[in-house]
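Chemist: Generate coordinates for the sequence data below:
(chains A and B)
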Amino acid sequence: AQKVTQAQTEISVVEKEDVTLDCVYETRDTTYYLFWYKQPPSGELVFLIRRNSFDEQNEISGRYSWNFQKSTSSFNFTITASQVVDSAVYFCALSEPSSNDYKLSFGAGTTVTVRA
Amino acid sequence: EPEVTQTPSHQVTQMGQEVILRCVPISNHLYFYWYRQILGQKVEFLVSFYNNEISEKSEIFDDQFSVERPDGSNFTLKIRSTKLEDSAMYFCASSIAGGYTFGSGTRLTVV
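Modeler: From the prediction side, this is the model:
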């Protein structure tokens, strides 16, 4: 069974539009970590955020914001006023300490294309 | 800021050849990992390494794969007899207490 589901395969927007990426996770752990990574065309994984399960405060970092809802097991990511440089694949991931090694389970990723 | 370093960044090898992918994790991290990403697909866990032994491995990590930490600094992934389907980006990562750092990856092409 998928531990992390990113239902949106591709999203295309025009510059300055907002875009929200959905992430739904599944775990039996009470303590866990959620991550978002950006993968630009160059291929590296760029860390965006880590959130632990006890911190339900939403976070804003510049044009990026995250909405963590434990009740719906979702950790959605919004890019405000998108720019062409935001074009990338975005991955949501889950780490469960019960696995004893904190390995990450990734979602399938959402490809974001921002058109000028 | 500490980094995870991977070498080489690109490797082309002939089918059936052995390859070794190298990584230098962050020195005070306790867990080390290899992940694989086939082109256009998601990132998949291969293996985790803790206290000088494999902690967990996925079903992808079969007998052709092995990992080593030969000198307390480097962390290597060996693929014994490469197949075409081993072509992928391989990421090394290290972590401590849930904090993760990925290397920039090695793109392996098997021809």
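Chemist: Can you mark which positions in the helix or strand of chain B with the lowest mean pLDDT are buried?
Modeler: Least confident helix or strand, chain B: strand B:99-102 with a mean of 89, by mean pLDDT, DSSP states H and E. Neighbour counts over strand B:99-102 (16 or more other Cβ atoms under 10 Å in any protein chain shown) mark B:100-102 as buried. Bear in mind the C-beta positions are built from the backbone N, C-alpha and C, glycine included.
Chemist: for stretch A:88-107, same thing?
Modeler: For stretch A:88-107, using 16+ other Cβ under 10 Å, the buried residues are A:88-96, A:99, A:101-107.
Chemist: Next: stretch B:66-82.
Modeler: Result for stretch B:66-82 [16+ other Cβ under 10 Å]: buried residues B:67, B:75-77, B:79, B:82.
Chemist: Among these, find me the one that's closest to chain A.
Modeler: Nearest to chain A, judged by Cβ to the nearest Cβ, of these is B:Val67 at 12.9 Å.
Chemist: list the helices and strands the helix or strand harbouring that closest one packs on?
Modeler: Using DSSP states H and E, B:Val67 sits in strand B:65-68. Secondary-structure packing of strand B:65-68 (3 or more Cβ pairs under 8 Å, 6 or more residues apart in numbering or on different chains; DSSP states H and E): strand B:44-50, strand B:75-79.
Chemist: Okay, now the unreliable bits of chain A?
Modeler: Chain A contains residues with pLDDT under 70 at A:1, A:99.
Chemist: ok, and of the buried residues of stretch A:88-107, which contact chain B?
Modeler: Filtering those for neighbours of chain B using Cβ under 8 Å from any Cβ of the partner chain leaves A:91, A:93, A:95, A:99, A:101-107.
Chemist: Flag every residue of chain A that's near chain B.
Modeler: A:33, A:35, A:37, A:43-45, A:47, A:50, A:52, A:91, A:93, A:95, A:97, A:99-109.
Chemist: what does chain B put close to chain A?
Modeler: Counting by Cβ under 8 Å from any Cβ, the residues of chain B near chain A are B:31, B:33, B:35, B:41-45, B:48, B:50, B:55-56, B:89, B:91, B:93, B:95, B:98-102, B:104-105, B:107.
Chemist: Quick one: buried ones out of those?
Modeler: B:31, B:33, B:35, B:42-45, B:48, B:50, B:55-56, B:89, B:91, B:93, B:95, B:100-102, B:104-105, B:107.
Chemist: hey, where'd the strands end up in the chain?
Modeler: Chain wasn't specified; assuming chain A. A:4-5, A:10-14, A:19-21, A:24-25, A:33-39, A:46-52, A:59-61, A:64-69, A:74-79, A:88-95, A:104-106, A:110-115 (DSSP state E).
Chemist: if you could check chain B rather than the one you did, that'd help
Modeler: B:5-7, B:10-13, B:19-24, B:31-37, B:44-50, B:53-57, B:65-68, B:75-79, B:88-96, B:99-102, B:106-110.
Chemist: Identify all contacting residues around the least confident helix or strand of chain B.
Modeler: Outside strand B:99-102, the residues that touch it by Cβ atoms under 8 Å, 6 or more residues apart in numbering or on different chains are A:35, A:37, A:44-45, A:47, A:50, A:95, A:102, A:104, B:2-4, B:25-26, B:29, B:35, B:91-95.
Chemist: which other residues reach the strand holding B:Val67?
Modeler: B:34, B:46-47, B:49, B:54, B:75-80.
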